[in-house]
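Undergrad: quick one: sequence and predicted model below, then my questions.
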Amino acid sequence: MNIETIRYYERIGLMNKPARTEGGRRAYGEKEAQRLGFIRRSRDLGFSIDDICALLRLADTNGACGDAKAFALAHLNPVRAKLTALKRLERILTETAARCGRAAGGCAIIETLATGGRR
């Protein structure tokens, strides 16, 4: 993880300020590494900073699994919407690329981009 990202997480309170070495460098222990991993995996799954704060509070207080499950389930609908949009995008690109070179008088890809797919 980028050090600037870690500093940002410290500024917004996701991470505590770590201990410092005699030379002034941050000294992260296993607990901090685990917390950073939790944050990174949460971001990879698309959770917002606010969601991660709430999930960390649950983790820090041994919160109810049901509450964590509610976050995951609430996050599913936007993920499913993105998947639907990506599948549509895949279909459009596949169909447009297949028409490329076959259309007389123009490029199917350029035409689709110019008209939004309306012919």
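TA: Okay, I see it.

Undergrad: only C-alpha atoms for contact and neighbour calcs from this point on.
TA: OK.

Undergrad: give the buried residues for the helix or strand hosting residue 81.
TA: Secondary-structure element containing residue 81, defined by DSSP states H and E: helix 65-99. Buried positions in helix 65-99, judged by neighbour count with 16 or more other C-alpha atoms under 10 Å: 68, 75, 96.

Undergrad: now those as TSV including pLDDT?
TA: Converted to TSV, the buried residues of helix 65-99 look like this (pLDDT from 0 to 100):
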residue	pLDDT
68	88
75	91
96	84
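
Undergrad: out of the residues you listed, flag the one nearest to residue 46.
TA: Top of the list for closeness to residue 46, among the buried residues of helix 65-99 and by C-alpha to C-alpha, is residue 75 at 8.2 Å.

Undergrad: does residue 23 count as helix, strand or coil?
TA: Using DSSP: H, G, I helix; E, B strand; the rest coil, the structure places residue 23 in coil.

Undergrad: so how far is residue 6 from it?
TA: Spatial separation of residue 23 from residue 6 under the definition C-alpha to C-alpha, to the nearest Å is 19 Å.

Undergrad: which one of these two is surrounded by more residues?
TA: For residue 23 versus residue 6, neighbours defined as other C-alpha atoms under 10 Å are more numerous around residue 6 (14 against 6).

Undergrad: C-terminal to the helix or strand where that one lies, what's the next element?
TA: With elements delineated by DSSP H and E, residue 6 resides in helix 3-11, which encompasses its position. Towards the C-terminus, the helix or strand next in line after helix 3-11, according to DSSP H and E, is strand 19-20.
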